[in-house]
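S.K.: Show me the folded form of this:
(3 chains)
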Amino acid sequence: MPELPEVEITKNELKKILLNKHVDEILINTNSLRIPIKKREIKQLERLKVIHISRRGKYILITFSNNYILLIHLGMSGRIVFKKKPFIINKHDHFALVINKKFFIILNDPRKFGLVDVCYKEDLFNCYHLKYLGIEPLTNGFSFQYLKKILSNRKSNIKNLLLNQRLISGLGNIYVCESLYESNISPFKIAKNLNKKQISSLCLNIKKILKIAIKSNGSSISDFKLPSGLLGNFQNKFKVYNREGKKCKNIKCKGKITKTTIGGRPTYYCCNCQKM
DNA sequence: CGTACGACCTGCCCGC
DNA sequence: TGCGGGCAGGTCGTAC
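M.R.: Predicted coordinates:
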């Protein structure tokens, strides 16, 4: 599921139900997701109050009253699900926070590419997970100047560069494909060869698409739902993603959307509209 | 240094 | 109906 918009919305829903609540109990039903789970440390968060919930890149950060922070990454197939008692453990439920003895906040992740970790507040931005994350694309710091700087001298294609979390954090395969289409830039284009107009357009379109996706409650593909069960809507607004062979959405273009592979990942684009 | 590729997992969909 | 192959929203380590 989860790129920046989906993680952002999940975080917002978590805020509504979890912020300023005491966590009665933490259930751990797994030995390992992408990294081993620190059972002892995580168990020490029981009976503490959640005082802050935020997002950094694709990580959800839950701060407890002892200043320890729970980090959650949803990987490829992870979801947060809210449930009420009686709670039945489903397949791939790895982890749950229990509040008011009857509400369960569950991490379900079939492919186990996600992770749960814990970190002391003071060490947070030096911790292994967050230390190398690049800029947040929805902040003012992500500007024409910044994008120009990180593109200069890069021989990588623009698509792989945008997926690099050390440069920009939060973009994933869907939103990179969509942003490049919206900016009329070929995913194969070498990063350092983008001209000023393209850099400017790309910067604006990344922000625009992420904002629309957040407003649309994210993309619900392969059954992704918000914790509350709500479906996202941005998948209906895809212009290239999952649209192989379909008509390009540009009225002036008679071409069809092409599917190819870049860096081992499916890549959708219009070879008429998106320029090398 | 940058890039390319396989590995990590499971479920689902398609074709035979 | 059942099986096998290919595919999937992410990230990391290794090899060149």
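
S.K.: quick one: average confidence on stretch A:38-55?
M.R.: On average, the pLDDT along stretch A:38-55 is 97.

S.K.: same check, this time on stretch A:133-145
M.R.: On average, stretch A:133-145 scores 95.

S.K.: Please list all residues in contact with the closest residue to DNA strand B within chain A.
M.R.: Closest contact between chain A and DNA strand B, by CB to the nearest atom of the strand, is at residue A:156 (2.7 Å). The way it works is simple: take the backbone N, C-alpha and C, and place the C-beta from them, glycine included. Each residue near residue A:156 by CB atoms under 8 Å, 6 or more residues apart in numbering is listed here: A:164, A:190, A:191.

S.K.: which of these lies closest to residue A:118?
M.R.: For the contacts of residue A:156, the closest approach to residue A:118 (CB to CB) belongs to residue A:164, at 26.4 Å.

S.K.: I'd guessed residue A:186 sits against residue A:270; true?
M.R.: No. With contact defined as CB atoms under 8 Å, residue A:186 does not reach residue A:270; the gap is 9.3 Å.

S.K.: the more surrounded of these two?
M.R.: residue A:270 (22 against 18; other CB atoms under 10 Å).

S.K.: Pretty sure that one sits against residue A:240.
M.R.: Yes. Proximity of residue A:270 to residue A:240 meets the contact threshold set by CB under 8 Å, at 6.7 Å.

S.K.: what sits in contact with each of those two?
M.R.: Residues touching both residue A:270 and residue A:240 (CB under 8 Å, 6+ apart) are A:181, A:257.

S.K.: Return a PyMOL selection command for the buried portion of the contacts of residue A:156.
M.R.: Restricted to buried positions by 16 or more other CB atoms under 10 Å, the PyMOL selection for the contacts of residue A:156 reads:
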select buried, chain A and resi 191
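
S.K.: Just the ones of the contacts of residue A:156 in strands?
M.R.: Judged by DSSP state E, the subset of those located in strands is empty.

S.K.: With pLDDT and distance to DNA strand C as added columns, please give the contacts of residue A:156 in TSV.
M.R.: Below are those laid out as TSV (pLDDT from 0 to 100; distance: CB to the nearest atom of the strand, whole Å):
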residue	pLDDT	distance to DNA strand C
A:164	95	9
A:190	93	18
A:191	94	18
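
S.K.: Chain neighbours aside, what residue packs nearest to the closest residue to DNA strand C within the stretch 51-200 of chain A?
M.R.: Proximity to DNA strand C, evaluated over the stretch 51-200 of chain A using CB to the nearest atom of the strand, is greatest for residue A:172 at 2.1 Å. What sits nearest to residue A:172 in space, not counting adjacent residues and going by CB to CB, 6 or more residues apart in numbering, is residue A:3, at 3.4 Å.

S.K.: just checking, residue A:255 touches residue A:272?
M.R.: Yes. Using CB under 8 Å, residue A:255 is in contact with residue A:272, at 3.9 Å.

S.K.: Overlap in contacts, the two.
M.R.: residue A:248.

S.K.: Relative to the whole chain's centre, how far out is the longest helix along chain A?
M.R.: Ranked by number of residues, the top helix in chain A under DSSP state H is helix A:196-215. Centre-to-centre, helix A:196-215 and its host chain are 16 Å apart (CA atoms, centre = their mean, to the nearest Å).

S.K.: check whether it contacts DNA strand C.
M.R.: No. Judged by CB under 7 Å from any atom of the strand, helix A:196-215 makes no contact with DNA strand C; its nearest approach is 9.0 Å.

S.K.: Which neighbouring elements make contact with the next helix or strand after that helix?
M.R.: Downstream of helix A:196-215, the first helix or strand assigned by DSSP states H and E is strand A:257-262. Judged by 3 or more CB pairs under 8 Å, 6 or more residues apart in numbering; DSSP states H and E, strand A:257-262 is in contact with strand A:265-270.

S.K.: where's residue A:143 relative to residue A:201, distance?
M.R.: Residue A:143 is 13 Å from residue A:201, where distance means CB to CB, to the nearest Å.
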